[in-house]
Each structure stands twice: as C-alpha cells, then as structure tokens.
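Participant: need a 3D model of the following:
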Amino acid sequence: VEELLAPLREEEAEGVESESRVRLKRKGIARLKIEDDLAVLYHCVDNSRDFHGKDEQSLEFSLDYYDAIQKLIDSYPAYLKVKDLGA
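Facilitator: Sure thing, here's the model as predicted:
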C-alpha cells in the first residue's frame, strides 16, 4: 500500500508507515478508472486555478491496488491508516 503514496514529494513521504494516517487533499481531486488492465488515478493535485491550467494528470497502478485506492477516495474527508487500505 505504501506504493500508493509515491506521488508525495520525497521529503513528505519520509516516515510514512503502516500506522500513518492519510487522506485526499480535498474532495473531488481524484477519480479512478480501469484502463487496459491498469487502475488509472486521474487527479488535479498540481493543476493551477487558471482556466487554461495543466491538463488532468494520471498515475497508473496494478489492478491489485484498485480497491485500496477507491477506499481512500470514498473515505474523504476521513483519515485512514495506511494498513487499513488493505492492498
């Protein structure tokens, strides 16, 4: 499950353990789709607030992580322990 935290900046990811509590940054920031046998997480974390900001960005994961990612999305605004994501 800790691989799900890869988008964090390196200095933020240090110290993330199974007991760490995580959540999305804000509601509606991500959606999850299955494409070509991959779980694809579309997000706008680094998008500017300008009308013509960056295009939506994505991260690809093995389908093994689909349920854990969806659980994280569905749990907002609650925090979850990394170990409770179940992947």
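Participant: for the longest helix along the chain, output the C-alpha coordinates as CSV.
Facilitator: Counting by DSSP state H, the longest helix found in the chain is helix 66-74. Provided in CSV are the C-alpha atoms of helix 66-74 (Å, rounded to 0.1, in the frame of the first residue of the first chain):
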residue,chain,number,x,y,z
TYR,A,66,-7.8,-0.7,-7.2
ASP,A,67,-9.8,-1.4,-4.0
ALA,A,68,-7.3,0.4,-1.8
ILE,A,69,-7.3,3.5,-3.9
GLN,A,70,-11.1,3.5,-4.2
LYS,A,71,-11.4,3.1,-0.4
LEU,A,72,-9.1,6.2,0.0
ILE,A,73,-11.3,8.2,-2.4
ASP,A,74,-14.6,7.1,-0.8
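Participant: which elements pack onto that helix?
Facilitator: strand 30-35, strand 38-43 (3 or more CB pairs under 8 Å, 6 or more residues apart in numbering; DSSP states H and E). Bear in mind the C-beta positions are built from the backbone N, C-alpha and C, glycine included.
Participant: may I ask which helix or strand of the chain has the lowest mean pLDDT?
Facilitator: The weakest-scoring helix or strand in the chain, judged by mean pLDDT, DSSP states H and E, is helix 10-13 (a mean of 56).
Participant: C-terminal to it, what's the next element?
Facilitator: strand 21-22 (DSSP states H and E).
Participant: Pro77: how many residues sit nearby?
Facilitator: Applying other CB atoms under 10 Å, we find 8 residues neighbouring Pro77.
Participant: check the closest residue to it other than its chain neighbours and give its pLDDT.
Facilitator: Counting by CB to CB, 6 or more residues apart in numbering, Arg23 is the residue found nearest to Pro77 once chain neighbours are left out, at 6.5 Å. For Arg23, the pLDDT comes out at 90.
Participant: distance check, Arg23 against Ser62.
Facilitator: Applying CB to CB, to the nearest Å, the value for Arg23 to Ser62 is 22 Å.
Participant: can you check Gly15 too?
Facilitator: For Gly15, the distance to Ser62 (CB to CB) stands at 25 Å.
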